[in-house]
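Undergrad: sharing a model that was predicted from the sequence below.
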Protein chains: 2
Amino acid sequence: MAKGTDDTIAVRISKALADRIISGAIEPGARLRQDHVAEEFNTSHVPVREAFRRLEAQGLAVSEPRRGVRVAAFDLGEVKEVAEMRAALEVLALRHAAPHLTSAILDLAEEATKAGDKSRDVRSWEEANRAFHRLILAPCGMPRLLATIDDLHAASARFLFAAWRSEWEARTDQDHRAILTALRQGNTESAAATLGRHVQWIGRKPVRTASGATREAFAIVG
Amino acid sequence: MAKGTDDTIAVRISKALADRIISGAIEPGARLRQDHVAEEFNTSHVPVREAFRRLEAQGLAVSEPRRGVRVAAFDLGEVKEVAEMRAALEVLALRHAAPHLTSAILDLAEEATKAGDKSRDVRSWEEANRAFHRLILAPCGMPRLLATIDDLHAASARFLFAAWRSEWEARTDQDHRAILTALRQGNTESAAATLGRHVQWIGRKPVRTASGATREAFAIVG
DNA sequence: CGATTTAAAATTATAGATAATTTCTGTTTT
DNA sequence: AAAACAGAAATTATCTATAATTTTAAATCG
């Protein structure tokens, strides 16, 4: 991951915190105390507050005036919401990207798919999956759309890590392959339809809670 | 407009600046100098910086590290991009909102349409148009989706005001009426299709530039 | 006279300090 | 024992001050 050493301190902090929130290192609902964060990063709280605003905009944190910032909570409803938004926007992006896709790009996307299938842990699977989606969508040339999709991917990853906290079973991604085949054949509509379905596929998994009981965990898997 | 007196200063500033950027009171590309803004609002620059981060997240301003913040510029490509994103997301929202629409809500939406038709200036037309869209979409119960649509509406309004800076000719909005009719008949798909087309309708208009020449101006009109 | 370097002014980014608000904790009251 | 209530501690939001960087303007050189 690019460290971005010339970034402003606020950006560095927001990236670091975003990573922790997404990976689940900080629990949903946990308070983010500006002085503590400032101390940890050896800065004052001014850049910390700016970092908080960034996290807020990404939907990773919520802030109440005078009461501080906390890590955004989420429920099944939000998982579905993000999945549907991703479906709508990624389909749009793919329709515009399709005419600009080269076989070189599709080859890279295929490699990303293979890397995902080989992944032994959630984290590397997520990285490969994200790479696949970004590769086939980036040529749409719509920066605002891509930025929005990126934020939604971050939310998806958060749900994913929350559900498959440590265990992960490898599985071959047939959807990705179907999408690539359709794109290679110039069948954009078929690829878009599969992508739309693929992104909305929600995985279910029983998870042991802190109290010992088991509940269903949900996560977007695509 | 709700003044939000209990808002934090940063929020107040960001709302005031957003209004100016959207209305065109500040030119695209103009620099936003934190000390000047701070002086105007009788504060220090700390809340101003936070306001800038909010504007950045909304896509109304762009910031380059150490070089300051400027009002986001836009071109025809971005107008189209925002229109397509709105089409995709508003259609999604409408599909979810449709089952929860009451005739009371649809009556309010019809009033908003009439108010739009009667508007003598862009500003009040935009307000009525925004009210219409929000009324029929809000019952979808997807907060993240609605927040994203709101930001896109702000961008749309910006393009609109830039093109129709002062003059505005009244016109009856047939699309809004067609959408309401379809919704009243329970024909969600027809309403969604019309909405998707409606949002992407881009108006064209010759505009006199500062140098005296005329160029085409473009704006989303829906 | 135009290009380039240098110096000054303006501006951004961060730090440290202060006032106001909220949260926490222990105690009292019913 | 549960609820209500102080008072103390912690935390947020803001202000003033300082360091670092960029922009502007002037001056110098080719």
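TA: Sure thing, it's come through.
Undergrad: contacts, neighbours, all on C-alpha from now
TA: OK.
Undergrad: list the contacts of stretch A:169-188.
TA: A:94-95, A:98, A:103, A:106, A:109-110, A:113, A:116-121, A:190-192, A:194-195, A:198 (C-alpha atoms under 8 Å, 6 or more residues apart in numbering or on different chains).
Undergrad: which parts of chain A are helices?
TA: Using DSSP state H, the helices assigned to chain A run over residues A:9-23, A:34-40, A:45-58, A:76-97, A:103-118, A:122-137, A:143-163, A:174-184, A:188-199.
Undergrad: which one of those lies nearest to B:Ala155?
TA: Ranking those by proximity to B:Ala155 (C-alpha to C-alpha) places helix A:143-163 first, at 11.1 Å.
Undergrad: just the buried residues of that closest one, please?
TA: A:145-146, A:148-163 (16 or more other C-alpha atoms under 10 Å in any protein chain shown).
Undergrad: just want the angle from that helix to helix A:122-137.
TA: 160 degrees (axes from the mean of the first three to the mean of the last three C-alpha atoms, to 10 degrees).
Undergrad: packing partners for helix A:143-163?
TA: If you count contacts as 3 or more C-alpha pairs under 8 Å, 6 or more residues apart in numbering or on different chains; DSSP states H and E, helix A:143-163 packs onto helix A:9-23, helix A:76-97, helix A:122-137, strand A:214-220, helix B:76-97.
Undergrad: which bits of chain A sit near DNA strand C?
TA: A:8-10, A:42-47, A:66-67 (C-alpha under 7 Å from any atom of the strand).
Undergrad: and stretch A:128-137, average pLDDT?
TA: Mean pLDDT, stretch A:128-137: 98.
Undergrad: kindly report the same for stretch A:17-36.
TA: Mean predicted lDDT for stretch A:17-36 stands at 96.
Undergrad: who's in contact with A:His45?
TA: Contacts of A:His45 (C-alpha under 8 Å, 6+ apart): A:34-35, A:37-38.
Undergrad: cool, A:Ser166 as well?
TA: Contacts of A:Ser166 by C-alpha under 8 Å, 6+ apart are A:121-122.
Undergrad: so how far is A:Glu27 from it?
TA: To A:Glu27, A:Ser166 is 15 Å away according to C-alpha to C-alpha, to the nearest Å.
Undergrad: same deal with A:Ala38?
TA: 19 Å.
Undergrad: A:Gly141 contacts A:Ala97, correct?
TA: Yes. A:Gly141 is in contact with A:Ala97 according to C-alpha atoms under 8 Å; the separation is 7.4 Å.
Undergrad: neighbour-wise, which of these two wins?
TA: A:Ala97 (20 against 15; other C-alpha atoms under 10 Å in any protein chain shown).
Undergrad: which residues touch that one?
TA: Contacts of A:Ala97 (C-alpha under 8 Å, 6+ apart): A:136-141.
Undergrad: hmm, which of those residues are the buried ones?
TA: A:136-140.
Undergrad: closest to DNA strand C out of the residues you listed?
TA: A:Ala138 (27.4 Å; C-alpha to the nearest atom of the strand).
Undergrad: the closest one and A:Arg144 touch, don't they?
TA: No. Applying C-alpha under 8 Å, one finds A:Ala138 not in contact with A:Arg144, separated by 11.2 Å.
Undergrad: A:Ala131 against A:Ala109, yeah?
TA: Yes. Contact between A:Ala131 and A:Ala109 holds when scored by C-alpha under 8 Å: they sit 7.4 Å apart.
Undergrad: between these two, tell me which one has more neighbours.
TA: Neighbours per residue, other C-alpha under 10 Å: of A:Ala131 and A:Ala109, the larger number sits with A:Ala109, 23 against 19.
Undergrad: that older thread, which of the helices and strands packed on helix A:143-163 has the lowest mean pLDDT?
TA: Among those, strand A:214-220 carries the lowest mean pLDDT (a mean of 72).
Undergrad: counting by contacts, list what that one packs against.
TA: Looks like strand A:214-220 contacts helix A:76-97, helix A:143-163, strand A:202-208 (3+ C-alpha pairs under 8 Å, 6+ apart).
Undergrad: go through these and name the closest to A:Trp125.
TA: Of all the helices and strands packed on strand A:214-220, helix A:143-163 comes closest under C-alpha to C-alpha, at 10.2 Å.
Undergrad: sorry, back to before: tell me which of the helices and strands packed on strand A:214-220 lies nearest to A:Val221.
TA: When the helices and strands packed on strand A:214-220 are compared (using C-alpha to C-alpha), the closest one is strand A:202-208, at 5.8 Å.
Undergrad: same question for the closest one, mean pLDDT?
TA: Here the average pLDDT along strand A:202-208 is 69.
Undergrad: follow-up on the earlier one: restricted to buried residues, select the contacts of stretch A:169-188 in PyMOL.
TA: The command below creates a PyMOL selection of those among those that count as buried (16+ other C-alpha under 10 Å):
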select buried, chain A and resi 94+95+98+106+109+110+113+116+117+118+119+121+190+191+192+194+195+198
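Undergrad: what's around A:Ser124, how many residues?
TA: Neighbour tally, A:Ser124, other C-alpha under 10 Å: 15.
Undergrad: show the pLDDT at the closest residue in space to it that isn't next to it in sequence.
TA: Nearest non-adjacent residue to A:Ser124, counting by C-alpha to C-alpha, 6 or more residues apart in numbering or on different chains: A:Gly116, 7.2 Å away. Note for A:Gly116: predicted pLDDT of 95.
Undergrad: which residues of chain A lie near DNA strand D?
TA: Residues of chain A lying near DNA strand D (C-alpha under 7 Å from any atom of the strand): A:31-35, A:45-46, A:49, A:64-69.
Undergrad: what about 10 Å?
TA: A:6, A:31-38, A:44-50, A:52-53, A:63-70 (C-alpha under 10 Å from any atom of the strand).
Undergrad: could you find the closest non-adjacent residue to A:Leu94?
TA: A:Leu137 (5.4 Å).
Undergrad: what of A:Glu126?
TA: A:Ala157 (6.8 Å).
Undergrad: any figure for the gap between the one you found and DNA strand D?
TA: 25 Å (C-alpha to the nearest atom of the strand, to the nearest Å).
Undergrad: check whether that residue really touches A:Ile22, as I assumed.
TA: Yes. At 6.3 Å, A:Ala157 and A:Ile22 qualify as touching, with contact defined as C-alpha under 8 Å.
Undergrad: give the residues shared as contacts by those two.
TA: By C-alpha under 8 Å, 6+ apart, no residue touches both A:Ala157 and A:Ile22.
Undergrad: count of residues packed around A:Leu76?
TA: 13.
Undergrad: quick one, what contacts it?
TA: A:Phe218.
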